[in-house]
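Colleague: here is the input, now give the coordinates:
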Amino acid sequence: MEKASIPLILHDTAKSFETHSRFPNRVNSEFIEIKNRKEINFRVYERGSGETLACGTGATAAVVAGNLLGKLDEKVLVHLLGGDLEIYYDKESRHAFMTGEAREVFLAESGRNDKIQTSLCCEGPLQGTLC
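Modeller: Here you go, the predicted model:
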């Protein structure tokens, strides 16, 4: 992604949205640049965390909204700081499909009350979806 394509004021702008009085529980902000009907740049600022590498849910929502507004095609390549995602929105079924890379960072197990819980933490564009 061309980092300079979305202005460097992202942090200040997103911070002002996050802490605005209209959002007492704070809010996430997404910044989208449409490059063409098949490709967008996407940056996300998550409340309490700041700018993050990716947000699969937000990227999918951006493509669906862009498609419904007639600005994006059904299949769109989304450039995020953490990597690229391909989002396909099937207007007829109203289902969206996301394809992208995810890498396992760690696998942890903990036992409590004779139950074992397993957590898989991933990084990459699908991190929010898989962790």
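Colleague: let's see the pLDDT reported for H20.
Modeller: H20 is assigned 88 on the pLDDT scale.
Colleague: could you measure from it over to K35?
Modeller: 29 Å (C-beta to C-beta, to the nearest Å). For glycine as for every other residue, the C-beta is placed from the backbone atoms N, C-alpha and C.
Colleague: which one's more surrounded, these two?
Modeller: The residue with more neighbours, out of H20 and K35, is K35; 14 against 11, by other C-beta atoms under 10 Å.
Colleague: what mean pLDDT does the helix or strand hosting the more buried one have?
Modeller: Element membership of K35 [criterion: DSSP states H and E] is strand 29-36. Averaged across strand 29-36, the pLDDT comes to 92.
Colleague: buried ones in that strand?
Modeller: Of all the residues in strand 29-36, those buried under the rule 16 or more other C-beta atoms under 10 Å are S29, F31, I32.
Colleague: now do that strand: distance to the chain's middle.
Modeller: Centre-to-centre, strand 29-36 and its host chain are 11 Å apart (C-alpha atoms, centre = their mean, to the nearest Å).
Colleague: I'd like the next helix or strand past it.
Modeller: Past strand 29-36, the next helix or strand by DSSP H and E is strand 39-46.
Colleague: residues making contact with that following strand?
Modeller: The contact list for strand 39-46, computed with C-beta atoms under 8 Å, 6 or more residues apart in numbering, reads 1-2, 5-6, 10-11, 14-15, 17-18, 28-35, 51-52, 54-55, 58-59, 62-63, 66, 72, 76-81.
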